[in-house]
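Trainee: What follows is a predicted structure for the sequence shown.
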Amino acid sequence: MHARRTLAVTGIGAVVAIGGGTAYAAVSSSVVDSSGVIHGCVSDREVRGTRVLLVHDTTSNCPRGTAELDWSQRGAAGPAGPKGDPGATGPAGPKGDTGATGATGPAGSTGTAGQQGPAGPTGPAGVATAGPGGLDVTEVTASGFGTARANCPPDHPWVVGGGGAATGGGALSDSTPEPTLSNPTGWAVGVAYTPGAGQNSAVSAFALCAK
């Protein structure tokens, strides 16, 4: 049979059961130092299994016949508890402001060609210059340096064709009816610039003129 040992505490209200009991105490702030340690004194002798526990102020010492007995007001921190369950999803936040306009993207590739459009209406008939024996055409020629123009005569005023040639070693750059913005009455040619030959090479032109 095990005897139960009890400490009688003075200076505070407490009961301490040695050997598996619970200690109840109301501790004043004057007996607890800045580190949270309570300073007490326990009697050296016991009476019928009981010792006297004294709690003294932090500025006092244990009296004769007692031994220092200190303990912490707050125990050591326990281990971390298990991780809690995730909280519920919060409500959606307000709509943010419109962002800045992004940079212009690269140009797209060229699309496929469209279908051919319908044929246009037939134009009006041109001026007839053919006589009973067919088209009455005469040829006129002209020459020059760099450019030349063969003009149709008054009795055959309409140019229906023409051409020319560079006779001084150059190359033709222009060979067109003139004037180009109205009814043409002649044919003009021009020589392209060629190193060594220059732009003043000899050139000849001819025009096919009808009435």
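Mentor: Perfect, thanks for sending it. Residues are numbered from 1 along each chain as shown.
Trainee: mind checking the end-to-end distance for stretch 112-123?
Mentor: 31 Å (Cα to Cα, to the nearest Å).
Trainee: distance between it and the chain's centre?
Mentor: Its chain's C-alpha centre and that of stretch 112-123 lie 44 Å apart, by Cα atoms, centre = their mean, to the nearest Å.
Trainee: likewise stretch 103-119?
Mentor: Centre to centre, stretch against its chain (Cα atoms, centre = their mean), the figure for stretch 103-119 is 27 Å.
Trainee: Could you tell me how many residues sit around the nearest residue to His56 once chain neighbours are set aside?
Mentor: Take His56 and drop its neighbours on the chain: the residue closest to it by Cβ to Cβ, 6 or more residues apart in numbering is His39, 5.9 Å away. C-beta: built from backbone N, CA, C; applies to glycine. With neighbours defined by other Cβ atoms under 10 Å, the count for His39 comes to 20.
Trainee: cool, Pro124 as well?
Mentor: 5.
Trainee: what separates it from Asn183, distance-wise?
Mentor: Note on Pro124: its distance to Asn183, by Cβ to Cβ, to the nearest Å, is 15 Å.
Trainee: What residues of stretch 139-159 count as buried?
Mentor: Using 16 or more other Cβ atoms under 10 Å as the test for burial, stretch 139-159 gives 140, 142, 144, 146-152, 156-159.
Trainee: Which residue ranges make up the domains of this protein?
Mentor: Partitioning the chain according to automatic domain parsing yields domains covering residues 5-72, 134-210.
Trainee: In terms of mean pLDDT, which of those domains ranks lowest?
Mentor: Note on the domains of the chain: domain 5-72 shows the lowest mean pLDDT, a mean of 69.
Trainee: you'd agree Gly163 is up against Val189?
Mentor: Yes. With contacts counted by Cβ atoms under 8 Å, Gly163 reaches Val189, the gap being 7.3 Å.
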